[in-house]
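**Student:** fold the following, please.
(one chain, ligands or ions: 1)
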Amino acid sequence: MRYLVTGGAGFIGSNTVDELVRRGHSVVVLDDLSAGKEENLADVRGKITFMKASITDLEAVRRAVHEADYVLHLAARTSVPRSVKDPLETNRVNIDGTLNVLVAARDAKVKRIVFAASSSAYGETPTLPKVETMQPAPISPYGVTKYVGELYAQVFGRCYGIENVCLRYFNVFGPRQDPSSPYSGVLSKFITCCLDDTQPTVFGDGEQSRDFTYVDNAVQANLLACEAPGVSGKVFNVGTGARYTLNQTLQLLGQIAGKPLDAKYDPPREGDIRDSQADITLGRKLLAYDPQVHFEEGLRRTFAWYRAAQPKPAEK
Ligand code: UD2
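**Tutor:** Numbering: from 1, shown residues only. Reported below is the predicted structural model:
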């Protein structure tokens, strides 16, 4: 089968591409390298087709999707605080870009498109865990764009018959998550602070919680979402069903590193959700999604990866 992975040089994208190649599929990656990195594709160099372009360029998307069976649409401007700072840019990439991908996929008559949606769609709805039947109520521009992407994917199903599946990822973490931007995922930041002996910053009191999901689980869900029969038009949570507070993650990291982490506490971030936890019953039932790596094991693996990837003192 031939797969187009938008954002395939990024964190979740490149981990997905590795698995697709391992399974013998043909893969095209479309990525503008704004967040992704070519080095993330080092293991599959020569085995995939790489196109450097943005999803905001419709003609480039059309070229990339040519003869694809499946589209995994992962390219996006991530980050809640970035979207609060620059909602126009997040909208341009996540909504206009997604519309381009849908139009190109429709015209290329792909078998199915899988859209990387987000747990941020749930917003501050008080019930935990979050179930797909709950009414979305995003509280950040980022959350809005991800929810609109879902709506567009579903409407393309209705209007043009294009099969679609939306996966609401819950705080995915793991190897290759870029820790270097102010908008990076919290665990990539905490781990690199720990390795660099710098002080991590907690926004708020650290009692906010997340269903941190190791990237291999998200990759599993991505592949199942392409293949599972009879699930078009559906939205699935991709989490683990557990949740940890930031203070708990700091404590666990301290145990893994063998030294306590002393964080500084700053005011909470605008647009932040307090608690997040996935109900994954629907994915288990209809996709056979079965997360294999629980949080603490994922944290150990991720810590080991960053430690191995860290430049030695002489190279710094
Ligand atoms: C949201 C989505 C997630 C994904 C992601 C993409 C929710 C619940 N989750 O993640 O599924 O789509 O967006 O960007 O909406 N924090 C610190 N110190 C730091 C960095 C972050 O304390 O150095 C806090 C931050 O204020 C937040 C928590 O850690 O309370 C998680 O932040 P994040 O940016 O890793 O992810 P989040 O939850 O915005």
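
**Student:** just checking, residue 94 touches residue 145?
**Tutor:** Yes - if you go by C-beta atoms under 8 Å, residue 94 and residue 145 touch, sitting 3.6 Å apart. Every residue, glycine included, has its C-beta placed from N, CA and C.

**Student:** touching both of these two, which residues are there?
**Tutor:** When contacts are counted by C-beta atoms under 8 Å, 6 or more residues apart in numbering, residue 94 and residue 145 are jointly contacted by 76, 77.

**Student:** next up, phi/psi of the nearest residue to residue 245 once chain neighbours are set aside, please.
**Tutor:** Distances taken as C-beta to C-beta, 6 or more residues apart in numbering place residue 209 nearest to residue 245, at 4.7 Å, with adjacent residues excluded. Per-residue torsions, residue 209: phi -130, psi 150 (degrees, to the nearest 10).

**Student:** can you pull the buried residues of stretch 243-250?
**Tutor:** Buried residues in stretch 243-250, counted by 16 or more other C-beta atoms under 10 Å: 243, 244, 246, 247, 249, 250.

**Student:** quick one: that stretch near the ligand?
**Tutor:** Yes - contact of stretch 243-250 with the ligand (C-beta under 6 Å from any ligand atom) involves residue 246.

**Student:** ditto for stretch 178-189
**Tutor:** Yes - among the residues of stretch 178-189, 185, 186, 189 lie within reach of the ligand under C-beta under 6 Å from any ligand atom.

**Student:** got the CA positions of that stretch in CSV?
**Tutor:** Coordinates of the C-alpha atoms in stretch 178-189 are reproduced here as CSV (Å, rounded to 0.1, in the frame of the first residue of the first chain):
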residue,chain,number,x,y,z
ASP,A,178,11.7,18.4,20.0
PRO,A,179,12.4,20.0,23.4
SER,A,180,14.0,23.2,22.0
SER,A,181,11.1,25.5,21.5
PRO,A,182,9.2,27.4,24.1
TYR,A,183,6.2,25.6,22.7
SER,A,184,7.6,22.1,23.2
GLY,A,185,5.7,19.3,25.0
VAL,A,186,6.2,19.4,28.8
LEU,A,187,7.9,16.0,29.2
SER,A,188,10.5,16.8,26.5
LYS,A,189,11.3,19.9,28.5
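
**Student:** and for it, what's in contact with it?
**Tutor:** Outside stretch 178-189, the residues that touch it by C-beta under 8 Å, 6+ apart are 11, 35, 37, 78-79, 81-82, 171-173, 177, 191-192, 200-201, 210, 212, 246, 249, 299, 302, 306.

**Student:** give me the pLDDT for residue 124.
**Tutor:** Residue 124 carries a pLDDT value of 89.

**Student:** what secondary structure does it sit in?
**Tutor:** At residue 124 the chain is in coil, as set by DSSP: H, G, I helix; E, B strand; the rest coil.

**Student:** report the separation between it and the ligand.
**Tutor:** To the ligand, residue 124 is 10 Å away according to C-beta to the nearest ligand atom, to the nearest Å.

**Student:** go on, residue 21?
**Tutor:** Relative to the ligand, and taking C-beta to the nearest ligand atom, residue 21 is found at 25 Å.

**Student:** let the chain start at 77 from now.
**Tutor:** Let's use 77 as the start, then, which means that last one is residue 97.

**Student:** neighbours of that residue, how many?
**Tutor:** Taking other C-beta atoms under 10 Å as the criterion, the count of residues near residue 97 is 17.

**Student:** contacting residues for the residue lying closest to it once chain neighbours are set aside?
**Tutor:** Counting by C-beta to C-beta, 6+ apart, residue 120 is the residue found nearest to residue 97 once chain neighbours are left out, at 4.7 Å. For residue 120, the contact set (C-beta under 8 Å, 6+ apart) comprises 93, 94, 97, 103.

**Student:** ok, 10 Å please
**Tutor:** Each residue near residue 120 by C-beta atoms under 10 Å, 6 or more residues apart in numbering is listed here: 84, 90, 93, 94, 96, 97, 98, 103, 105, 126.

**Student:** how about CSV for the residues you listed, with pLDDT added?
**Tutor:** As requested, the contacts of residue 120 are arranged in CSV below (pLDDT from 0 to 100):
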residue, pLDDT
84, 98
90, 98
93, 98
94, 98
96, 98
97, 98
98, 98
103, 98
105, 98
126, 98
